[in-house]
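>>> Attaching a predicted model along with its sequence, questions to come.
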Number of protein chains: 2
Amino acid sequence: MTFAEQAAAAKRASRELATLNRGRKDAALHAMADALLAASDQVLAANAVDVAEARAAGTSESLIDRLALTQSRLAGMAEGLRALAGLADPVGDVVRGWTNANGVRVRQVRVPLGVVGIIYEARPNVTADAAGICLKAGNAALLRGSSSTLNSNRAVVAALHAGLVAAGLPAEAVQLVEGDRSVTAEMMAARGLVDVLIPRGGAGLIAAVVDGAKVPVIETGTGNCHLYVDEAADQDMAIAIMLNAKVQRPSVCNSLETLLVHADIAPSFLPRALAALAEAGVTVHGTAEVLPYSEEIVPAVPGEFDAEYLSLDLACAIVPDLDAALEHIRVHSTGHSETIITDDRRAADRFVAEVDAAAVLVNASSRFVDGGEFGFGAEIGISTQKLHARGPMALAEMTSTKYIVDGAGQVRG
Amino acid sequence: MTFAEQAAAAKRASRELATLNRGRKDAALHAMADALLAASDQVLAANAVDVAEARAAGTSESLIDRLALTQSRLAGMAEGLRALAGLADPVGDVVRGWTNANGVRVRQVRVPLGVVGIIYEARPNVTADAAGICLKAGNAALLRGSSSTLNSNRAVVAALHAGLVAAGLPAEAVQLVEGDRSVTAEMMAARGLVDVLIPRGGAGLIAAVVDGAKVPVIETGTGNCHLYVDEAADQDMAIAIMLNAKVQRPSVCNSLETLLVHADIAPSFLPRALAALAEAGVTVHGTAEVLPYSEEIVPAVPGEFDAEYLSLDLACAIVPDLDAALEHIRVHSTGHSETIITDDRRAADRFVAEVDAAAVLVNASSRFVDGGEFGFGAEIGISTQKLHARGPMALAEMTSTKYIVDGAGQVRG
């Protein structure tokens, strides 16, 4: 099938999905989970081929870890599909409604987006995850995975198809998009066939999709997250939150990348903070003002504050006041999650009001900015754009709305 | 100023606007209204120059009517600004909020989008209207009007600046973007400076912006609206709604363009409907099956069902059943407003569920699909896309949201 044929089939399937009730969709999610487990041997064998090829190509072990499936990871993917079946259906939710003076009743109701394209990197678990979230919200999914995961993705999608068909749904509800880079370009240009594109992956992938797409895109993920330790900060709290945000899982988008310290608290706070970071194995990249506090600090280079490390590295600067912290964040933030540690109400209020990001935190770890932690039960990514959805995107964010206008013959005067 | 300088100034102004309370914004809206009225003579004189040039260039009288300002239209523009001051402020609205098990409090709060670009045609009233809506929602506005309205727009914006400055707000909150087509291209490419572009105007303008923009766009307006008269329709109601939707204001996007009639009701309904349409001065463009019903029908040509007339013309076809009506709408709809006339619950339910449009109406005129009729008090346009906003866009649709996460030192386990 060409991409255009796949997209047309997805559009047809999306029309069927749009009117399914929750029971039908949940049954399909369980059937997909069952089929995935039943196909464990095939999926793991296919994945072993991908892993062997990646290793032969000299892929780093951290990337291979993302690529590799195990029986237990497969069980987790199936569990994820079943968990989606347990969540409320966003489709049909009445967002608001009212009756006009002339008796015309208006309701704004959630409806599926239609066809959702996901472009992602070498993580085969995303294949089941994204397919499930799309299905639960009544959308058809066009999944464009990495070529290095092709065997795994084919096996996973074959299993998902078996589940869909067993549940009486069209297999075209979930499709893997294969082919060279020209197919990605076709997908990004498919206005009218693809309703939204969501890139999931690193900054380079996201920038390429945002830049190249004619289809509406939801930008996700890049998180150059700051922690500002105010002069009125509780230092123990600041150290605990700093360590949690930096160390607990450094490879993710809501982890900490830059520490900003108010000049008045720096002499007492920085020695403690730097010792704690050193003990946790974190390399600090500091500006000239930070260097005197420890011999282990690596001098910050130009551009040090502009990119995510996604590793046990942390940029550090001293700022003269809250205004300077706000200005630093304004210049370097990717608009993901920004944190202030303070006991000063005015400082907290200004930080919350003036920082322009999907999430602004006071005295809490940025690691909480996550669909699971927010209690959404599912997450397709964290939007860092302002249109449609901002922050963790769950099922409701995978829908649009429709106005239903009910009358008894009313006309406009 | 270059466009880049204007956009940077707008971004700076937007940061100030974002934290203004409602009182400050409402005072500015009243000051802008006062200043507009105070500048009546200058605005009308500038408009007279535009009108004279348009007439000399052979512009049609209907376009000149859109372009021309009068004392009473100017009063209407000022009244529009005052009406905005009377509306609730969407900024700061808590969309939802909860407390996590660990005591972390999360609120999703409405915040301004930032810098909104509006690209529009020769209607100087849009200048004041769009500036006011953007300001009320805390956004800076970059207004790109038609070159044929340049004198009028300059005079209007000068008055709005006087009002902004009198209220202590930055004049850069509202800016007119001047220059040749290359400036429009710059505006459409200004990622990071312009947060959203909204084209307001005809189908050609909208398509050009959607196609050319790198900045997120909200598509508005094109409405190829259908009325399907089901076999179970109340015929008197169908005729009243048909006439209202077609004739009351044919030039607007929510007016009727195509009449679809169920074959079983056609023999009794069409003679009455065609007589009523003829009496109202409507030219019907019918398919071969419709032609025998009246000698006044113009045979439909290829493509007849694909574009808006925006005039006293109506395309008409007979369909064998509801499925055929749904299929016709699926193929030809622009996703604006689609109507069924029926007393049959099942037909109404299927139509509402299966038609993919911003608004679906049962037994009511599509002319109700309008921000004013919906009681929103303001409207920047009617979105026909699925992301961010769909249907009439008012103040809430001119905002984004931000998650505010409040803790007392919590970290992720």
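Looks like it arrived, so ask away. Numbers count the residues shown, from 1 in each chain, chains lettered A, B, ... in the order given.
>>> how about low-confidence regions in the stretch 301-413 of chain A?
Filtered on pLDDT under 70, the stretch 301-413 of chain A yields no residues whatsoever.
>>> what does it put close to chain B?
Where the stretch 301-413 of chain A comes near chain B, counting by Cβ under 8 Å from any Cβ of the partner chain, the residues are A:352-354, A:356-365, A:367-369, A:373-375, A:385-388, A:390-392, A:400-412. C-beta here means a position set from N, CA and C on the backbone, and glycine is covered the same way.
>>> Drop anything exposed from those residues.
Buried subset of these (neighbour count, 16 or more other Cβ atoms under 10 Å in any protein chain shown): A:352-354, A:356-365, A:367-369, A:373-374, A:385-388, A:390-392, A:400-407, A:409-412.
>>> What helices and strands are in contact with the strand or helix carrying A:Leu84?
Here A:Leu84, judged by DSSP states H and E, is contained in helix A:71-85. Other helices and strands packing on helix A:71-85, by 3 or more Cβ pairs under 8 Å, 6 or more residues apart in numbering or on different chains; DSSP states H and E, are helix A:22-38, helix A:40-56, helix A:124-136.
>>> list the buried ones in the next helix or strand after it?
Next helix or strand after helix A:71-85 toward the C-terminus (DSSP H and E): strand A:94-99. For strand A:94-99, the neighbour count (16+ other Cβ under 10 Å) marks no residue as buried.
>>> Quick check: next helix or strand after strand A:94-99?
According to DSSP H and E, the helix or strand after strand A:94-99 is strand A:105-112.
>>> Specify the angle between whichever helix or strand comes after that next one and helix A:124-136 in degrees.
Remark: after strand A:105-112, the chain's next helix or strand is strand A:115-120, criterion DSSP H and E. Here the directions of strand A:115-120 and helix A:124-136 differ by 170 degrees (axes from the mean of the first three to the mean of the last three Cα atoms, to 10 degrees).
>>> any residue of strand A:115-120 up close to chain B?
No - Strand A:115-120 is not in contact with chain B by Cβ under 8 Å from any Cβ; minimum separation 10.4 Å.
>>> Not counting that strand itself, show me its contacts.
Residues from elsewhere that reach strand A:115-120 (Cβ atoms under 8 Å, 6 or more residues apart in numbering or on different chains): A:7, A:10-11, A:14, A:126, A:130, A:134, A:139-146, A:177, A:184, A:187, A:190, A:193-201, A:205, A:209, A:215, A:380, A:398.
>>> which of these are buried?
Of these, these count as buried by 16+ other Cβ under 10 Å: A:7, A:10-11, A:14, A:126, A:130, A:134, A:139-146, A:177, A:184, A:187, A:190, A:193-201, A:205, A:209, A:215, A:380, A:398.
>>> Which ones among the residues you listed lie within helices?
A:7, A:10-11, A:14, A:126, A:130, A:134, A:184, A:187, A:205, A:209 (DSSP state H).
>>> Of the residues you listed, which ones also sit close to chain B?
Answer for those near chain B: none qualify (Cβ under 8 Å from any Cβ).
>>> Next, format the residues you listed as a markdown table and append distance to B:Asn100.
Formatted as a markdown table, these follow (distance: Cβ to Cβ, whole Å):
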| residue | distance to B:Asn100 |
| --- | --- |
| A:Ala7 | 40 |
| A:Ala10 | 37 |
| A:Lys11 | 39 |
| A:Ser14 | 34 |
| A:Val126 | 26 |
| A:Ala130 | 26 |
| A:Cys134 | 27 |
| A:Thr184 | 38 |
| A:Met187 | 37 |
| A:Leu205 | 31 |
| A:Val209 | 32 |
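>>> Now tabulate the residues you listed in TSV and tack on pLDDT.
Below are those laid out as TSV (pLDDT from 0 to 100):
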residue	pLDDT
A:Ala7	97
A:Ala10	98
A:Lys11	96
A:Ser14	97
A:Val126	92
A:Ala130	96
A:Cys134	98
A:Thr184	91
A:Met187	95
A:Leu205	82
A:Val209	85
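>>> Would you map out the domains in chain A?
Chain A breaks down by automatic domain parsing into domains covering A:3-220+A:380-406, A:225-368.
>>> returning to what we had before: now distance to B:His30 too, for the helices and strands packed on helix A:71-85, in CSV please.
Shown next, in CSV, are the helices and strands packed on helix A:71-85 (distance: least, Cβ to Cβ, whole Å):
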stretch, distance to B:His30
helix A:22-38, 49
helix A:40-56, 65
helix A:124-136, 47
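>>> Comparing the ones you listed, which comes out most buried?
helix A:124-136 (a mean of 26; mean count of other Cβ atoms under 10 Å in any protein chain shown).
>>> What is it packed up against?
Looks like helix A:124-136 contacts helix A:22-38, helix A:71-85, strand A:115-120, strand A:140-144, helix A:150-166, strand A:174-176 (3+ Cβ pairs under 8 Å, 6+ apart).
>>> Averaged pLDDT, the shortest one. What do you get?
Meaning strand A:174-176. Averaged over strand A:174-176, pLDDT sits at 98.
>>> swap in the fifth one?
Mean per-residue pLDDT for helix A:150-166: 98.
>>> could you give the angle of that helix to strand A:115-120?
150 degrees.
>>> which other residues reach helix A:150-166?
Residues beyond helix A:150-166 that count as contacts (Cβ under 8 Å, 6+ apart) turn out to be A:28, A:31-36, A:38-39, A:42-43, A:45-47, A:49-50, A:67, A:69, A:77, A:124, A:127-128, A:131, A:143, A:145, A:170-171, A:173-176, A:178.
>>> How about the fourth one?
Surrounding strand A:140-144, the residues in contact under the criterion Cβ under 8 Å, 6+ apart are A:6-7, A:10-11, A:13-14, A:17, A:114-120, A:127, A:130-131, A:134-135, A:153, A:157, A:172-177, A:183-184, A:187, A:194.
>>> what's the answer for the last one, then?
Strand A:174-176 is contacted by residues A:6, A:9-10, A:127, A:131, A:134-135, A:140-145, A:153-154, A:157, A:160-161, A:164 when judged by Cβ under 8 Å, 6+ apart.
>>> again, but for the first one
Contacts of helix A:22-38 from elsewhere in the structure, counted by Cβ under 8 Å, 6+ apart, are A:17, A:43, A:74-75, A:77-79, A:81-82, A:84-86, A:88-89, A:91, A:128, A:131-132, A:135-136, A:138, A:156, A:159-160, A:162-164, A:166-169.
>>> Off-centre distance for that helix?
24 Å (Cα atoms, centre = their mean, to the nearest Å).
>>> just the second one next, same as before
Mean-position distance between helix A:71-85 and its chain equals 18 Å (Cα atoms, centre = their mean).
>>> how much does it deviate in direction from helix A:22-38?
Between helix A:71-85 and helix A:22-38, the angle comes out at 180 degrees (the same axes, to 10 degrees).
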